[in-house]
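**Student:** Dropping a prediction and its sequence here:
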Amino acid sequence: MNTAPISRGVLSDQVKDHLLQAILAGHFPPGARIVETRLARELGTSQAPVREALRDLEALGVVEINAYRGARVRHPSKAELLEAYGVRAELESLGARLALPRLTDANLEELAGYVEEMQLAADARDAHREAMADVAFHARVVELSGNRTLARVWRYLEPGSRTYITLAVPGVNPRQVADLHRPILEALRDRDAERAVDAYHRHFDVIKEMFSGRWVDEPQGISSNPSAHGLSVVRSSGPGASAGVAGGRATRSRRRAESRPGRLGQAASREDR
């Protein structure tokens, strides 16, 4: 059997994960150019899997591709972001309702660990670490719903939103964002579906209010050369891996939050040629 197409697909997924992690970490800010040929050279691969990865990220709304200018990180409008948060509120409150009958004490301890990690990261002013714990919390509740359709729809929406939580909005209070998860956790502990739904909607209402007054529809002073931003791409095993908390122990997740530099970091640190 010819396995070349499968291997190529797996490789493009790996490239996509690397790029998504770099964008989520803020190393590629909105408007920054992603150079296909340079990434292919530094990763030791052809341009085909890089091109496929960029197309996948375009489908997720994370990058935009122009035939003459190449790929750049998208800078969505304020209206688009606010719409996304409204949809997330509905999806995740449904996820909470479905998850409640399935929750175990171990699940709740795991979720509490993510909240603790968010609060510690906020106090340390580590926006990337907080964002990773944040998305791990939300992803886990959706996963615990047991509804694969819901999880699939949520995954298509969430990465773009997380991108901009991580890197985009100055002036947002990180501790306030972390603390918004506490009422959700308490409602889940009490097995109170209505309180959980209310807590989710309150969470996203506050986030929307924060972003509404701070998000600028057009990025200012974005260079076409990514190296002007001091980019350094990090390696991670998955979107929520660097925020992983085992058994609610924040010390473990802090160690996991230390990402290892990959070869992509070399690509991001040199001038385009």
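**Tutor:** Perfect, thanks for sending it. These numbers come from a predicted model, not from an experiment.
**Student:** Just confirm Tyr156 is within a helix.
**Tutor:** Yes - checked against DSSP: H, G, I helix; E, B strand; the rest coil, Tyr156 lies within a helix.
**Student:** For it, give me its contacts.
**Tutor:** Each residue near Tyr156 by CB atoms under 8 Å, 6 or more residues apart in numbering is listed here: Leu60. Glycine gets a C-beta too; all of them are placed from N, C-alpha and C.
**Student:** Please report the distance of it from Leu60.
**Tutor:** Distance of Tyr156 to Leu60, given as CB to CB, to the nearest Å: 7 Å.
**Student:** Spell out the residue ranges of the strands in the stretch 51-200 of the chain.
**Tutor:** With DSSP state E, counting those that start in this stretch applied, the stretch 51-200 of the chain shows strands at 63-66, 70-73, listed in chain order.
**Student:** Let me know which of the ones you listed is the nearest to Leu94.
**Tutor:** strand 63-66 (28.8 Å; CB to CB).
**Student:** In contact with the nearest residue to Arg97 once chain neighbours are set aside: list those residues for me.
**Tutor:** Leaving out its chain neighbours, the residue that sits closest to Arg97 by CB to CB, 6 or more residues apart in numbering is Ala193, at 5.1 Å. By CB under 8 Å, 6+ apart, the contact set of Ala193 is Ala96, Arg97, Leu100, Ala187.
**Student:** Tell me which of those residues fall in helices.
**Tutor:** Ala96, Arg97, Ala187 (DSSP state H).
**Student:** Enumerate every residue touching the second one.
**Tutor:** With contacts defined as CB under 8 Å, 6+ apart, Arg97 is in contact with Ser145, Ala193, Ala196, Val197.
**Student:** Tell me which two of the residues you listed sit farthest apart.
**Tutor:** Greatest spatial distance among those (CB to CB): Ser145 and Val197, at 13.0 Å.
**Student:** Neighbour count for those two, which is higher?
**Tutor:** Ser145 (22 against 19; other CB atoms under 10 Å).
**Student:** just checking, the more buried one touches Leu98?
**Tutor:** Yes - judged on CB atoms under 8 Å, Ser145 makes contact with Leu98 at a distance of 3.8 Å.
**Student:** Mind jotting down where the helices sit in the stretch 1-150 of the chain?
**Tutor:** 4-24, 36-43, 47-59, 78-99, 105-123, 127-144, 148-167 (DSSP state H, counting those that start in this stretch).
**Student:** Take those helices and write them to JSON lines, including mean pLDDT.
**Tutor:** Compiled in JSON lines, the helices of the stretch 1-150 of the chain are given as follows (pLDDT from 0 to 100):
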{"stretch": "helix 4-24", "mean pLDDT": "73"}
{"stretch": "helix 36-43", "mean pLDDT": "86"}
{"stretch": "helix 47-59", "mean pLDDT": "90"}
{"stretch": "helix 78-99", "mean pLDDT": "90"}
{"stretch": "helix 105-123", "mean pLDDT": "96"}
{"stretch": "helix 127-144", "mean pLDDT": "89"}
{"stretch": "helix 148-167", "mean pLDDT": "74"}
